[in-house]
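A.B. asks: Curious how this folds, go ahead:
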Amino acid sequence: MALKSPLKIRLGEAVAKGTINNETLGYFIGRTYLFLAGLGIDKERLRFRQHLQNEMAHYAADCWDAEIECSYGWVECVGLADRSAYDLKAHTEKSAVPLVAHETYPEPRELEKLVITPAKRELGLAFKKNQKMIVEALEVMSEAEAMELKAHLESEGKAPFQVCTLGQTVTLTKDMVSISKEIKKEHQRVFTPSVIEPSFGIGRIIYCLYEHCFYTRPSKAGDEQCNVFRFPPLLAPIKCTVFPLVQNEKYEVTAQFISKSLTGAGISHKIDITGTSIGKRYARTDELGVPFAITVDSETSVTIRERDSKEQIRVSVEEVASVVKEVTEGQSTWADVLWRYPTHTANTTDD
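C.D. replies: The predicted model follows:
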């Protein structure tokens, strides 16, 4: 399998072909893909690998790993196991208490029902003290297992039967169990719930995120490379920075006012009132992965600069917090706000 190229296929098609065990597992694979891509993981360096039979956990009906490519190669970062009803069935067999759920129908339904009737007398004579566990195992069989056992008994008169609680396989004869299908009127559906178990390796995901989000770009002068983390606004730990264009008491008062507005809106930010050049302050925030920089160049309006495109818009001081909040919380995108606010062309050197 390691020598084969990954196959690109739609989730619906993979479920329909039986490659993915069921729709619910397919749903979790899709949600995991969207989650990782939303964090900033490169979609071209993300894949899902199905476990081979010799590495499948004993409880799993199907299992997939989300693998992310980084400097260490392809690393398993998420495990998605379809445990089916293994846990509840095992508890049921041990406790003799049916752990099932009930769905009541609005109207009674006529359904074809699987009927399994163990012959307790014959089983008791043949297996003595193990009779109870064999009866319980027969009663919790799935329809597929039951029909396979029925076919085996009818063709050969006997069939092997695995009893998990005994940890062994017994041989049943045709007179020990009756398996049939009958039409019955039902008022509710009784079923054993299945479980999908997702497991996320947060440390591995964060490491891969650092690698996928990091890049360098030349400074405006072209004499050095600037480091940048392209963290999505929703994920970035610091959402924006605030600094006056130049050291000016009025600009600093406005910067403090904006800082208080951002704090009130629950937006994490940094304020920088040092005399360092604007280009170097932009470079600092880019290296930290801060998506937006607010530059105070007047007392009534400011510019908001987007990290990756370096595009800027002009916004009134009163609107700054609300604009940053809606973009960093995912209510709108930077493209959306570009339509609503006038763009600004910087005259300063942006290093």
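
A.B. asks: how about residue 92, phi and psi?
C.D. replies: Main-chain torsions, residue 92, degrees, to the nearest 10: phi -60, psi -40.

A.B. asks: how close does it sit to residue 177?
C.D. replies: Taking CB to CB, to the nearest Å as the measure, residue 92 falls 18 Å from residue 177. In short, each C-beta sits where N, CA and C put it, glycine included.

A.B. asks: out of the two, which sits in the busier spot?
C.D. replies: residue 177 (24 against 19; other CB atoms under 10 Å).

A.B. asks: That one reaches residue 121, doesn't it?
C.D. replies: No: counting by CB atoms under 8 Å, residue 177 stays clear of residue 121, with 12.0 Å between them.

A.B. asks: does the residue of the chain positioned farthest from its centre sit in a helix, a strand or a coil?
C.D. replies: Most distant from the centre of the chain: residue 125, at 52.3 Å, with distances by CA atoms, centre = their mean. Under DSSP: H, G, I helix; E, B strand; the rest coil, the three-state class of residue 125 is helix.

A.B. asks: Who does the strand ranked longest in the chain pair with, and is each partner parallel or antiparallel?
C.D. replies: Longest strand in the chain by number of residues, with DSSP state E as the criterion: strand 101-118. Strand 101-118 sits in its sheet next to strand 177-191 (antiparallel), going by DSSP bridges.

A.B. asks: What residues of the strand it pairs with count as buried?
C.D. replies: Neighbour-count burial for strand 177-191 flags 177, 179 (criterion: 16 or more other CB atoms under 10 Å).

A.B. asks: Please apply the same query to stretch 245-257.
C.D. replies: For stretch 245-257, by 16+ other CB under 10 Å, it's 245, 251, 254-255, 257.

A.B. asks: again, but for stretch 18-36
C.D. replies: 20-21, 25-26, 28-29, 32-33, 36.

A.B. asks: among those, which two are most distant?
C.D. replies: 21 and 36 (21.0 Å; CB to CB).

A.B. asks: and residue 72, how far is that from residue 207?
C.D. replies: 9 Å.

A.B. asks: right, I mislabeled it, should have said residue 54
C.D. replies: On the measure of CB to CB, residue 54 and residue 207 end up 29 Å apart.

A.B. asks: So between the two, which is more surrounded?
C.D. replies: The residue with more neighbours, out of residue 54 and residue 207, is residue 207; 17 against 5, by other CB under 10 Å.

A.B. asks: Just confirm that one is within a helix.
C.D. replies: Yes: with three-state DSSP as the criterion, residue 207 is located in a helix.

A.B. asks: Tell me who's in contact with it.
C.D. replies: residue 70 (CB atoms under 8 Å, 6 or more residues apart in numbering).
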